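>>> I would like to see how this sequence folds:
(chains A and B)
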Amino acid sequence: EDQVTQSPEALRLQEGESSSLNCSYTVSGLRGLFWYRQDPGKGPEFLFTLYSAGEEKEKERLKATLTKKESFLHITAPKPEDSATYLCAVQPRGAAGNKLTFGGGTRVLVKP
Amino acid sequence: DGGITQSPKYLFRKEGQNVTLSCEQNLNHDAMYWYRQDPGQGLRLIYYSQIVNDFQKGDIAEGYSVSREKKESFPLTVTSAQKNPTAFYLCASSHGGTTNEKLFFGSGTQLSVL
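Numbering: from 1, shown residues only, chains lettered A, B, ... in the order given. Down below sits the predicted model:
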């Protein structure tokens, strides 16, 4: 069974204090790993897709990396507007209908 | 602007009542999905549809039903058989097919039991 575990569950940062979020996964062959950002009371918003170990992608203060067992989302010099829940999801090879398995998310609060 | 529209934003269900959540997309996507989100938990797949007039059960389909009569619409009915319906419901869509495509999500419906 595919599993995704995110840690920590919650993270409090001071503005400018860089940190990393972890996404550990178990999947029978990975087609893609996705990162989403979710604001309270809203739907998730797509950030990145990673396909193979060693791959990295960046967007503003966010950088996602991938190994064979986990992915990291690095937040560099965060600002209060980076406060959100960050969700990780995996898509197994051969998954019917683009099915994704999501982790529980990491709630990030950045204080000014 | 293209996107996914979910309505209503908030919905209340009485004991024994069926309620229907609306999801409409104008992205011309073939595939549509319904997820349930409980506090502190990941999204769990209820139903998905890859093409009009066809849909499949996800991981937690019991107590729910769907229809896909039009490409743009994928309504979800929460039946009285769903004993714990309080949750945040998210509709999503994608182009479909077998590629690893990102999902586009609506803004969600919060369902509560009176």
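
>>> and B:Tyr48, what are its bridge partners?
Following DSSP bridges, B:Tyr48 is listed with bridge partners B:Tyr33, B:Gln56.

>>> and what of B:Val78?
B:Val19, B:Tyr64.

>>> if I pick it, what's in contact with it?
Remark: with contacts taken as CB atoms under 8 Å, 6 or more residues apart in numbering or on different chains, B:Val78 is in contact with B:13, B:18-21, B:63-64, B:85, B:111. Heads up, the C-betas are built off the backbone N, CA and C, glycines and all.

>>> what residues does chain B put near chain A?
Applying CB under 8 Å from any CB of the partner chain, we find that chain B lies next to chain A at B:4, B:6, B:31, B:33, B:35, B:40-45, B:48, B:50, B:56, B:58, B:90, B:92, B:94, B:96-97, B:100-108, B:110.

>>> are any of those buried, and which?
Among these, those buried by neighbour count (16 or more other CB atoms under 10 Å in any protein chain shown) are B:4, B:6, B:31, B:33, B:35, B:42-45, B:48, B:50, B:58, B:90, B:92, B:94, B:96, B:100-108.

>>> chain center to stretch A:56-68: distance?
Remark: stretch A:56-68 is offset 9 Å from the chain centroid, using CA atoms, centre = their mean, to the nearest Å.

>>> how about the strands of chain B, start to end?
Counting by DSSP state E, one finds strands in chain B at the ranges B:4-7, B:10-13, B:19-25, B:31-37, B:43-51, B:54-57, B:64-66, B:76-78, B:87-94, B:104-105, B:109-113.

>>> Quick check, A:Ile75 in contact with A:Leu62.
Yes. Counting by CB atoms under 8 Å, A:Leu62 is a contact partner of A:Ile75 at 6.1 Å.

>>> what is in contact with those two at once?
Residues touching both A:Ile75 and A:Leu62 by CB under 8 Å, 6+ apart: A:Asp82.

>>> send the alpha carbons of stretch A:17-37 over as PDB?
Presented in PDB, the C-alpha positions along stretch A:17-37 are these (Å, rounded to 0.1, in the frame of the first residue of the first chain):
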ATOM      1  CA  GLU A  17      14.500  31.800   9.400                       C
ATOM      2  CA  SER A  18      15.100  29.100   6.800                       C
ATOM      3  CA  SER A  19      13.900  25.600   7.300                       C
ATOM      4  CA  SER A  20      12.900  22.300   5.600                       C
ATOM      5  CA  LEU A  21       9.800  20.100   5.400                       C
ATOM      6  CA  ASN A  22      10.100  16.400   5.000                       C
ATOM      7  CA  CYS A  23       7.900  14.000   2.900                       C
ATOM      8  CA  SER A  24       8.700  10.300   3.300                       C
ATOM      9  CA  TYR A  25       7.100   7.900   0.900                       C
ATOM     10  CA  THR A  26       6.600   4.300   0.200                       C
ATOM     11  CA  VAL A  27       5.300   3.500  -3.300                       C
ATOM     12  CA  SER A  28       5.500   0.600  -5.800                       C
ATOM     13  CA  GLY A  29       7.300   2.600  -8.500                       C
ATOM     14  CA  LEU A  30       7.100   6.400  -8.500                       C
ATOM     15  CA  ARG A  31       5.600   8.200 -11.500                       C
ATOM     16  CA  GLY A  32       5.600  11.600  -9.800                       C
ATOM     17  CA  LEU A  33       5.800  13.400  -6.500                       C
ATOM     18  CA  PHE A  34       3.800  16.600  -6.100                       C
ATOM     19  CA  TRP A  35       3.900  19.500  -3.700                       C
ATOM     20  CA  TYR A  36       0.900  21.700  -3.100                       C
ATOM     21  CA  ARG A  37       0.300  24.800  -0.900                       C
END
